[in-house]
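The following comprises the amino acid sequence and a computationally predicted model.
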Amino acid sequence: MQRAAHTALSVCSQTVSPAMIRQCLKSRAAALQLCSRAYSVVPTPRDSEEKEMLDRILRVDHAGEYGANRIYAGQMAVLGRSRTGPLIQQMWDQEKEHLAKFNEILAENRVRPTVLLPLWNVAGFLLGASTAMLGKEGAMACTVAVEESISEHYNSQIRALMEKDPERYTELLKVSQLLFSLLLCPLHWQSPLCGN
């Protein structure tokens, strides 16, 4: 967490223009279209152990997307009418798309969301609102720190699936890798994904 805070502060100290962020968001929207599919990304579990593992992965990923949505809701409650409001709204709209995809994946695989969603609801909103009270820099530092933690999670998830059976989990790996690469955009503004 300390490393995430350091990264957030160093990223926020760089000059990041709204145009750079908009370009990144456009890249994210185009890449997310790759997630649209007519088949499940999760293979049929072979046994109860594999079912539990896949359910846990999906549940945690969904909780992360839900929490991110609540953070943006809190930021919009504070900064929505400021000059930063439209930018936060754009980022929130992207997160809404991610959450919709995970809601779809949970439903098609009959996976229940975490029982902690009510806690994520309140905690995410409070985190977003409290960091937004610090101004644009505080809100962006929060966003970067959260995105870095999530990217570490996706990276470890990708490694775990690759160790188990990369061919079996090809589609799930594609979704995890796509979301991981989308997370890199706000952390590394000079990323090729951002068109820079």
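Perfect, thanks for sending it. These numbers were taken from a predicted model, which means no experiment stands behind them.

contacts and neighbour counts: CA atoms only from here.
Fine.

Do a quick rundown of the helices in the chain.
With DSSP state H, the ranges of helices along the chain come out as 2-13, 18-32, 48-79, 85-108, 117-132, 136-164, 170-187.

Those into TSV, with extra columns for mean pLDDT?
Converted to TSV, the helices of the chain look like this (pLDDT from 0 to 100):
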stretch	mean pLDDT
helix 2-13	44
helix 18-32	52
helix 48-79	93
helix 85-108	91
helix 117-132	97
helix 136-164	86
helix 170-187	67
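
most centrally placed residue in the chain?
The structure's the chain has its C-alpha centroid closest to Glu65; by C-alpha atoms, centre = their mean the separation is 5.3 Å.

That residue reaches His98, doesn't it?
Yes: counting by C-alpha atoms under 8 Å, His98 is a contact partner of Glu65 at 6.6 Å.

which ones are touching Val115?
Not one residue lies near Val115 by C-alpha atoms under 8 Å, 6 or more residues apart in numbering.

Distance of the residue lying farthest from the centre of the chain relative to Arg81?
Of all residues in the chain, Asp47 has its C-alpha farthest from the mean position, at 29.1 Å, by C-alpha atoms, centre = their mean. Distance of Asp47 to Arg81, given as C-alpha to C-alpha, to the nearest Å: 51 Å.

What of Leu99?
Counting by C-alpha to C-alpha - Leu99 and Arg81 are separated by 24 Å.

Neighbour count for these two, which is higher?
Taking other C-alpha atoms under 10 Å, Leu99 and Arg81 do not tie; Leu99 has more neighbours (21 against 10).

Pull the contacting residues for that one.
Leu99 neighbours (C-alpha under 8 Å, 6+ apart): His62, Glu65, Tyr66, Asn69.

give me the number of residues near the first one?
For His62, the count of nearby residues is 24 (other C-alpha under 10 Å).

Hmm, Ile105 and it touching each other?
No: taking contacts as C-alpha under 8 Å, His62 lies outside contact range of Ile105: 9.1 Å.

re the thing from before, okay, the helices of the chain in TSV with distance to Val41 next?
Below are these laid out as TSV (distance: least, C-alpha to C-alpha, whole Å):
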stretch	distance to Val41
helix 2-13	30
helix 18-32	14
helix 48-79	11
helix 85-108	8
helix 117-132	23
helix 136-164	13
helix 170-187	5
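
and the residue nearest to Leu161 when sequence neighbours are not counted, how far is that from Ser151?
Using C-alpha to C-alpha, 6 or more residues apart in numbering and skipping the chain neighbours, the partner closest in space to Leu161 is Tyr169 (6.7 Å). To Ser151, Tyr169 is 19 Å away according to C-alpha to C-alpha.
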